[in-house]
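S.K.: what follows is a predicted structure for the sequence shown.
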Amino acid sequence: MGIFKYYDIGHAEVFVFDDFLIKQVKEGVIIDLKETDALKEVLEENFKGRNVAYISNRMTSYSVNPLVYKEIENISNLVAIAIIPNNHLKKSNAEYEKQFFKKPFGVFDSLDEAIKWVHHIISKENSEIPV
């Protein structure tokens, strides 16, 4: 499971793998609809017609407008979001954000846990696709 592609999309770095991506937002950024458009472009380019999960590796301090979750919820092949906060405040923020996204949304203590969870969700989603 090596990295497939790397993007620096200005406000964040994105690491694309076979069936998920990891996004690390840069310090001090405010995530709003404009930043969501950049994520949509990466998803469209790399995962068209395939289920994908999004992992947010929250290593820096930044703000998220929770209304962006309503926008990205409409991405049909985005089946789950995993958040990896690196402190208690970020974990509380992620738990708050969870209420704005109606698809599977998990908060994890490590990248390894998040990857295992998204693989499980994607496998489940893929097995439910009618042939």
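M.R.: Received it, and whenever you're ready, just let me know what you need.
S.K.: when you work out contacts or count neighbours from here on, use the C-alpha atoms and nothing else.
M.R.: Fine.
S.K.: residues near D112, how many?
M.R.: D112 sits with 10 neighbouring residues when counted by other CA atoms under 10 Å.
S.K.: contacts only, for it.
M.R.: With contacts defined as CA atoms under 8 Å, 6 or more residues apart in numbering, D112 has no neighbours.
S.K.: quick check: buried residues in the helix or strand harbouring I121?
M.R.: Taking DSSP states H and E as the definition, one finds I121 inside helix 111-127. By neighbour count, with 16 or more other CA atoms under 10 Å as the criterion, the buried positions of helix 111-127 are 111, 114-115, 117-119, 121-122.
S.K.: same deal with stretch 87-107?
M.R.: Residues 90-91, 94, 97-98, 101, 105-107 are the ones in stretch 87-107 that count as buried (16+ other CA under 10 Å).
S.K.: what do you get for stretch 42-60?
M.R.: Neighbour-count burial for stretch 42-60 [16+ other CA under 10 Å]: 42-43, 46-47, 50-58.
S.K.: any chance of the residues you listed in TSV, plus distance to Y6, secondary structure and pLDDT?
M.R.: Putting the buried residues of stretch 42-60 into TSV (distance: CA to CA, whole Å; DSSP: H, G, I helix; E, B strand; the rest coil; pLDDT from 0 to 100) gives the following:
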residue	distance to Y6	secondary structure	pLDDT
V42	10	helix	93
L43	13	helix	93
N46	11	helix	95
F47	14	helix	94
R50	19	coil	93
N51	19	coil	94
V52	16	strand	96
A53	16	strand	97
Y54	14	strand	96
I55	14	strand	97
S56	15	strand	96
N57	15	strand	97
R58	17	strand	95
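S.K.: what two of the residues you listed have the greatest distance between them?
M.R.: In the buried residues of stretch 42-60, two members sit farther apart than any others by CA to CA. They are R50 and R58, at 25.2 Å.
S.K.: looking at it, L111 is touching N57, isn't it?
M.R.: Yes: using CA atoms under 8 Å, L111 is in contact with N57, at 7.5 Å.
S.K.: common neighbours of the two, please.
M.R.: With CA under 8 Å, 6+ apart, L111 and N57 have common neighbours I84.
S.K.: what about H88, distance to F108?
M.R.: H88 sits 12 Å away from F108, going by CA to CA, to the nearest Å.
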